[in-house]
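>>> give me coordinates for this.
(chains A and B)
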Amino acid sequence: MAIEAENVYKSFGEPFSFKRILKLPWELALRLFGNYKKKSVLKDLSFKVERGSVVGFLGPNGAGKSTSLKVMLNLIRKDAGECHILGFNTEYDYDKSLKSTGALVELPVFYEFMTGFDNLLITANVFKHITREAIDLSLRRVGLFDHKDKKVSQYSTGMRQKLYVAKILLMKPKVIILDEPTSGMDPKGQAEMRDIIKSLAGEGDITVLVSSHLLYEIEQVADYVVIIKDGVVVTYGRVADLLETEHELYDLEVAPEKISECGSLLSGMDYIIGVENTLRGNVPYLSLKIKKDAAARVPKDLVASNIDIYNFMRQKRSLEEYFLEVTDGAATGQAK
Amino acid sequence: MFDLVRYEVFKMRRLKKVYFCAFAINFFPLMILFVLTVLFFKGMLYGWVGISQQMFQDEFGQGIMGSIVVMLSFFSWASWFFQTIIAGELISKEFENKSIKLMLLMPFRRLTIYMAKLVSTMLFFAFNMLIYLSLTAVIGVALDRIFGLNVFQLIDYPLLGKLCNAYFVVNVSYISLVFLISIFAKSSETTMAFSIFATFALKAIDSVIMLFGKLNIIPIELSNFLNKYAYLKSCEIINTEKLLEVMKTNDYTKLPISFDMLGVNILYSLLFLMTGYLIFKRKEEKG
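Model prediction:
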């Protein structure tokens, strides 16, 4: 396994502030009598990621996605449980676990006083295989070569994201963890980032765990998804399997005057599970729920009944629909 | 760890504040060099050659080591003051703007990261001490060549070596305290402010203990014992009376550079560094 999280718990106390100092005696008393409550963020989080796969890490706002990634990378300490990257415990062997891991957690940070090129060159002090030529190549790949001599403080959020990805590419990691890699990017940048992730997935044994609110993006690139809600994994599985349903959904458009006749006819068919009248704009159409592999019978029966078909199209369930189903319609960042 | 030290040095080389600090630390000999240059040109203009070696030895011979000690003391204080900025940049600021994440996500243990920051700050000090001594040597050469005054004959080299060693150890102690403070502080400026406050607060504690001893609030023996291990007092290298005595007798053991000072400083350094590291290790990246 490339990444493993087992029964991970994490809770946060009140952050440090001067007000908290005043409340310390009360807090100490509560701790003494066992009534001190922390905000629980991760509750028994467990999942596994196979080597060489691209996994989408999804969840509504506040579900604990970033906290999970930070715990896995040992940026914050967990209360209980174990995390492994490439078989190494991230708490006790984190130097080994991070050796082949490239990670972007939350917003990409850099040394603002350095140029984009210098921010990559500095890593050459640690990763000996990084050369100036490799840095140039990496910057070209993410489209930042022309901006390499600009200070990072002058970079936009999207440029920073790209620069960070260039840095990860330079490190040649086996595991890549990306937290919201397309946030702050324009549609072109998002497409470029998607292409980069896709190309990474094609480069042999690289495992990519990518957290994003953009479910369409994840659907495009991920083989598997992990969906978490309130710090617990609610779904984990192959994207294709999760979107697979027992029935098939089709939209049918016929002449408006024939729509009720068509509806009655199809309702009586044994392969039809449900028929629903709907409107798309001003155009009425039928939404059909059909038993598996029986869709071909619809046009045949309609033609036999002398009903002209204007449009008959399969509606695939999207990851977004699935996500809203399993998270009870919790608002996503995309909705914002 | 060597790789991480190189990483830190690379970062420091790109920081403008580092150059400002290096200039400020070496300001004293640079200023003397400037004055000498002015004197040289003035001498060239007016045909003035200055004083003779005999006059120089009579006037300044006894005090030359004292001058060097005063200069080194200035260097030590300047280093302490400006190194707080460096430590603030390397720790406080990185935690504040989250760029510490860049290092925390590297395949190194927290101890290695902490030590790399400490070593690179000490390297900065050693580098400055080298520049400082080189500039001072240039001043000596200038006095020799331009004014015909042989300063090098008047320097007590073993004493100078001991003093340099002592100032280095004292600086480790300063930096340890500054590192401890920088873990809590939010910026290099706050680190500097708190370091100054903490140093003088420690000095105040020392004074209060002495006062309590003199007023018999605590036993005088306890006061003397605690006073011996006081943080700032142990850093007082310049003790004019002791220095003059040493210069007369060449008995270096009478200078507070033995256990009195070095031992206590090493003890404080270890205490501050270990506390700092434990907090650094447990300090979580901000959510």
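>>> hang on, B:Met71 packs against B:Phe28?
Yes. Counting by Cβ atoms under 8 Å, B:Met71 touches B:Phe28, with 5.9 Å between them. Where C-beta positions appear, they are placed from N, C-alpha and C, glycine not excepted.
>>> residues in chain A within reach of chain B, list them.
Residues of chain A lying near chain B by Cβ under 8 Å from any Cβ of the partner chain: A:12, A:66-67, A:70, A:73-77, A:94-99, A:101, A:103, A:105, A:107, A:109-114, A:118, A:121-122, A:125-126.
>>> show me which of those residues are buried.
The neighbour count (16 or more other Cβ atoms under 10 Å in any protein chain shown) marks A:66-67, A:70, A:73-76, A:94, A:96-99, A:101, A:103, A:105, A:109-111, A:113-114, A:118, A:121-122, A:125-126 as buried among the residues of chain A next to chain B.
>>> now do the SS call for the residue nearest to A:Asp79 when sequence neighbours are not counted.
Sequence neighbours aside, A:Tyr9 is the residue nearest to A:Asp79 in space, at 4.5 Å (criterion: Cβ to Cβ, 6 or more residues apart in numbering or on different chains). Classification of A:Tyr9 by DSSP: H, G, I helix; E, B strand; the rest coil places it in strand.
>>> so what sits opposite A:Tyr9 in the bridge?
Following DSSP bridges, A:Tyr9 is listed with bridge partners A:Ala80.
>>> OK, contacts around it?
Residues in contact with A:Tyr9 (Cβ atoms under 8 Å, 6 or more residues apart in numbering or on different chains) are A:Ser40, A:Leu42, A:Lys43, A:Asp44, A:Leu45, A:Lys78, A:Asp79, A:Ala80, A:Gly81.
>>> mark which of those are buried, thanks.
Using 16+ other Cβ under 10 Å as the burial test, the contacts of A:Tyr9 include A:Leu42, A:Leu45, A:Lys78, A:Gly81 as buried.
>>> isn't the last one right up against A:Glu4?
Looking back up the chat, that one is A:Gly81. No. Counting by Cβ under 8 Å, A:Gly81 stays clear of A:Glu4, with 10.3 Å between them.
>>> restricted to helices, list the residues of chain A next to chain B.
A:Ser66, A:Thr67, A:Lys70, A:Tyr94, A:Asp95, A:Lys96, A:Ser97, A:Asp118, A:Leu121 (DSSP state H).
>>> now do the contacts for the last one.
Spelled out, that is A:Leu121. A:Ile130, A:Arg132, A:Ile135, B:Phe10.
>>> so what's the residue count around the closest residue to B:Ala116 other than its chain neighbours?
Using Cβ to Cβ, 6+ apart and skipping residues adjacent in sequence, the residue nearest B:Ala116 is B:Leu4, 3.6 Å away. For B:Leu4, the count of nearby residues is 21 (other Cβ atoms under 10 Å in any protein chain shown).
>>> for B:Leu4, give its distance to B:Thr112.
Separation of B:Leu4 from B:Thr112 (Cβ to Cβ, to the nearest Å): 6 Å.
>>> could you single out the nearest of the ones in helices among the residues of chain A next to chain B to A:Leu279?
A:Ser66 (40.5 Å; Cβ to Cβ).
>>> got a pLDDT number for the closest one?
A:Ser66 carries a pLDDT value of 85.
>>> how about the contacts made by it?
By Cβ under 8 Å, 6+ apart, A:Ser66 lies in contact with A:Val105, A:Glu106, A:Asp179, A:Ser211, B:Gly287.
>>> burial check on A:Leu69, number of neighbours?
A:Leu69: 22 surrounding residues under other Cβ under 10 Å.
>>> please disregard the earlier target; I meant A:Met185.
Applying other Cβ under 10 Å, I find that A:Met185 has 21 neighbouring residues.
>>> give the contact list for the nearest residue to it once chain neighbours are set aside.
Leaving aside its chain neighbours, A:Met185 sits nearest to A:Gly158 (4.2 Å; criterion: Cβ to Cβ, 6+ apart). Residues in contact with A:Gly158 (Cβ under 8 Å, 6+ apart) are A:Gly184, A:Met185, A:Asp186, A:Gly189.
>>> surely A:Gly158 forms part of a helix?
Yes. Judged by three-state DSSP, A:Gly158 forms part of a helix.
>>> quick check on A:Glu320: phi, psi?
Note on A:Glu320: its backbone torsions stand at phi -60, psi -40 [degrees, to the nearest 10].
>>> same question for A:Val254.
Phi and psi for A:Val254, reported as degrees, to the nearest 10, are phi -130, psi -180.
>>> identify the residues contacting it.
A:Val254 touches A:Cys262, A:Tyr285, A:Leu286, A:Leu302, A:Ile307, A:Asp308, A:Ile309, A:Tyr310, counting by Cβ under 8 Å, 6+ apart.
>>> just give me the closest of the contacts of A:Tyr9 to B:Gln153.
Closest approach to B:Gln153 among the contacts of A:Tyr9 (Cβ to Cβ): A:Lys78, at 66.7 Å.
>>> so who does that closest one touch?
Contacts of A:Lys78 (Cβ under 8 Å, 6+ apart): A:Val8, A:Tyr9, A:Lys10, A:Leu42, A:Val71, A:Glu91.
>>> same thing with A:Gly189?
Residues in contact with A:Gly189 (Cβ under 8 Å, 6+ apart) are A:Gly158, A:Gln161, A:Lys162, A:Thr182.
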